[in-house]
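> When you get a sec, could you give me coordinates for this:
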Amino acid sequence: MKCFFLILVSCFYNVVAAQNEKGADLSYSEIQKRYFNNEKDTVQTSKLARLYLQKAQKEHSAIEIARGYYLLAIQYYATDYNKAISCLDKVIEHSKGSGDSYFPVAAYCEKADFLAKLFKNNEAFESFLIAEKYALDNKDMDNYYGVRYKIGIFKSEKIGEVKEAIDLYKECLQYIKTKDLSDPYYARQYLNILFALADGYAAMEKYDLASQYNRLGCKAAIKSKSEKMQYLFILNEGAVQSSKKNYAAALDSINKALPKIKTMNNIGLNLLAAYYYSGKIYEMMHQDALAEKNYLVVDSIYNTNKNITPEFVGGYTFLINYYKQRNDKDRQLKYLNAFIEIDGNFRKSYIQWNQLLKYKYDIPHLIKEKESIISKLRYDKIKNRWFFLLLGVVILLVLAYVFYLKRQQQTERRNFEQLIAGLSRTENNSGILTEPLREEKSEEDIGIGKEIVDKIIEKFREFETTKGFLKNDVSLITLSQSFETNSKYISKIVNYYSKKSLTNYLNDLRIDYVVQELQQNKSLRKYTINAISEEIGFNNAESFSKAFYKKTGIKPSYFIKELEKKKS
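Next up is the predicted model:
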């Protein structure tokens, strides 16, 4: 709610009020300063409001009495609309004929806002009209057009008269253009009117005009350095592009606006709108998981603020159908209940909602479906009793599995300790050169001449020393090319001297290397398994983990975790 009087007092300096200080000699402005500096402390603000009122009554100042009642009214704005209205009536009573620039016009407008929240639209409209007449009779044109603007918002959002609202906005726009738009007050009013026009034309499906006012508003917001309004226009354009089915452009605008909107205070329905339109776009693009994600955020925001308009309710029907298709009856029922609750509130408040129901939502059908779901859930509960008969077996299986895991952990721990104990030997224990060279019968056993064997062995010595095995493209072909020999010789020598296939030979060298490196290199232990596997020549984390387990009897993740414990 935009409070006229709050705009007046927001320019005051912040002064912290001491709890034990006597306030009898404080001026009105000092009491106001302390009041708005302690807005969250309702006990303190209540005392200050009554102090202000007592001072005004003692001095018989009608306008100050009115302001005192206004401070009291604010106490009830979030908790008790009827009490707020009662206080605002006192503001009106004492400010009539005062010539004040804010009251009673502001009080009539804020009273109208509360009446609308209580679904008393006729009384609310009457209060707006009185405020309008009062401003006009006093030739207070700023307030007059301010009220006209608020009547437009009321017509558009509460009674569905969007065309009439747009006519009012245009009238207000013509007036505000005659003012100095470098003045922050008029600049703010100008932006609000442009936003209302863009929003109104979008509601009437005149999207080109809506985009025109969004662009105009965005430029004006940048000029007046209003970042909040700049990104609200960008968000609004995202909604327009969504309605035009320009989904890529719509998401681009929404994604630009959303991070900024999250950082803003008192943003109201705009954050909800950002997530709603994101959900709607993904729904239209048949990306149901993303649509669900965004609509759930809409529901979360609604549950926090209990504030939503008919424009943003479509997400509930999506969620109802989404969970129905997945046979998730609990969630289907949850969002059916939420939608029916919102419908109950809207029927009282929004005329256009009742019109929308005629062709879009069938509430009796949804209620019937809700009853069907409840019956099915009851049946499921009875059926599920049989499940508990099997629970004992499941528990036994779980205990057996826990026992297995315990044994597995003991084995892993033992293998880890053995591996750590062997790390004191820094030499390579998997390479060809660790095996004694069988020179005497090498030609007979392998079928390769001694000179060739010696040459290839020397190449392997260099290969192992320079850590050539860490490359991920090592193969028989690349080694034969590098060693200037044929692949059969490479394969035979590896098999003969290491008693392994080339793949196992390479994997074991890599595992020996990484075990040493992980123990010595703290930074490497921070890598992901996938990153480590790429670092030492494996093509993927899965093949690395299998090779590591085969060589050591434990998984690399377990080894790293235990190393970190040991080193800390």
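> Can you check the pLDDT for Asp113?
At Asp113, the model reports a pLDDT of 91.
> Give me the secondary structure label for it.
Classification of Asp113 using DSSP: H, G, I helix; E, B strand; the rest coil returns helix.
> That one contacts Glu123, doesn't it?
No. Using Cβ atoms under 8 Å as the test, Asp113 is too far from Glu123 to be in contact (11.6 Å). The C-beta positions use only the backbone N, C-alpha and C, and glycine is treated the same way.
> which of those two has more neighbours?
Taking other Cβ atoms under 10 Å, Asp113 and Glu123 do not tie; Asp113 has more neighbours (22 against 16).
> From Ser127, how far off is that one?
Distance of Asp113 to Ser127, computed by Cβ to Cβ, to the nearest Å: 9 Å.
> And Gln32, by the same measure?
Distance, Gln32 to Ser127, using Cβ to Cβ: 25 Å.
> For those two, indicate the residue with more neighbours.
Shown here are Gln32 and Ser127; by other Cβ under 10 Å, Ser127 has more neighbours (25 against 21).
> what about the closest residue in space to His94 that isn't next to it in sequence, neighbour count?
The shortest distance from His94 to any residue other than its chain neighbours is 4.0 Å, reached at Ala66 (Cβ to Cβ, 6 or more residues apart in numbering). The number of residues packed around Ala66, counting by other Cβ under 10 Å, is 26.
> Could you do Lys280 as well?
The local packing of Lys280 (other Cβ under 10 Å) involves 23 other residues.
> which other helices and strands contact the helix or strand that contains it?
For Lys280, the enclosing helix or strand under DSSP states H and E is helix 269-284. Packed against helix 269-284 by the contact rule (3 or more Cβ pairs under 8 Å, 6 or more residues apart in numbering; DSSP states H and E) you find helix 227-243, helix 247-262, helix 288-305, helix 314-325.
> just these: most buried one?
With neighbours defined as mean count of other Cβ atoms under 10 Å, the helices and strands packed on helix 269-284 peak in mean count at helix 227-243, which reaches a mean of 23.
> Name the residues that touch that one?
By Cβ atoms under 8 Å, 6 or more residues apart in numbering, the residues outside helix 227-243 that reach it are 191, 194-195, 198-199, 202, 205, 207, 210-211, 214-215, 217-218, 221-222, 247, 249-254, 256-258, 260-261, 264, 267, 270, 273-274, 277, 280-281, 284.
> For Asp35, give its distance to Phe416.
Quick fix: residue 35 is Tyr, not Asp. Distance of Tyr35 to Phe416, given as Cβ to Cβ: 66 Å.
> Show me which of those two is the more surrounded one.
Between Tyr35 and Phe416, counting by other Cβ under 10 Å, Tyr35 is the more crowded of the two (23 against 19).
> hang on, isn't the more buried one packed against Arg50?
No. The criterion here is Cβ under 8 Å, and Tyr35 misses it with Arg50 at 10.7 Å.
> Sketch out the low-pLDDT regions of the chain for me.
Regions of the chain meeting the criterion pLDDT under 70 cover residues 1-24, 266-268, 344-372, 374-386, 423-430, 433-444.
> residue closest to the middle of it?
When Cα atoms, centre = their mean is applied to the chain, the residue found nearest the centroid is Val297 (7.1 Å).
> So that one versus Lys566, what's the distance?
Val297 is 44 Å from Lys566, by Cβ to Cβ.
> Tyr190 now?
Tyr190 sits 67 Å away from Lys566, going by Cβ to Cβ.
> circling back to that earlier point, before we move on, which element is the residue nearest to His94 in?
Counting by DSSP H and E, the element that carries Ala66 is helix 62-74.
> So what touches the helix or strand following that helix?
On the C-terminal side of helix 62-74, the closest following helix or strand by DSSP H and E is helix 81-95. The contact list for helix 81-95, computed with Cβ under 8 Å, 6+ apart, reads 62-63, 65-67, 69-70, 72-77, 103-104, 107-108, 110-111, 114-115, 117-118.
> Could you list the buried residues of the helix holding Lys280?
Within helix 269-284, the residues scored as buried using 16 or more other Cβ atoms under 10 Å are 269-283.
> centre of the chain versus it, how much separation?
12 Å (Cα atoms, centre = their mean, to the nearest Å).
> what angle do it and helix 247-262 make?
Using axes from the mean of the first three to the mean of the last three Cα atoms, to 10 degrees, the inter-axis angle of helix 269-284 relative to helix 247-262 is 150 degrees.
> buried set for the helix ranked longest in the chain?
Ranked by residue count under DSSP state H, the longest helix found in the chain is helix 391-422. Within helix 391-422, the residues that qualify as buried are 412, 415-416, 419, counting by 16+ other Cβ under 10 Å.
> Name the nearest residue to Phe538, ignoring sequence neighbours.
Phe538 sits nearest to Phe544 (Cβ to Cβ, 6+ apart), 4.0 Å away.
> picking up where we left off before, out of the helices and strands packed on helix 269-284, which is closest to Ile446?
Closest to Ile446 of those is helix 288-305 (Cβ to Cβ; 59.2 Å).
> coming back round to it: need the overlap of contacts for Asp113 and Ser127.
Counting by Cβ under 8 Å, 6+ apart, nothing touches both Asp113 and Ser127.
> Specify which member of the buried residues of helix 269-284 is nearest to Asp183.
Asn270 (25.0 Å).
> that older thread, touching, the residue nearest to His94 and Val105? I think so.
No. With contact defined as Cβ under 8 Å, Ala66 does not reach Val105; the gap is 11.7 Å.
> The helix or strand harbouring Glu564: how far from the chain's middle?
Assessed by DSSP H and E, Glu564 sits inside helix 556-567. Put simply, helix 556-567 sits 35 Å off its chain's centre (Cα atoms, centre = their mean).
> again, but for stretch 314-321
Worked out by Cα atoms, centre = their mean, stretch 314-321 lies 19 Å from the chain centre.
> for stretch 327-347, same thing?
Worked out by Cα atoms, centre = their mean, stretch 327-347 lies 23 Å from the chain centre.
> buried sites along that stretch?
Those would be 329, 331-333, 335-336, 338-339, 342-343, 346, for stretch 327-347 by 16+ other Cβ under 10 Å.
> Tell me the secondary structure at Glu205.
coil.
> OK, contacts around the residue nearest to Phe538?
Listed by Cβ under 8 Å, 6+ apart, the contact partners of Phe544 are 510, 529, 532-533, 536, 538, 556.
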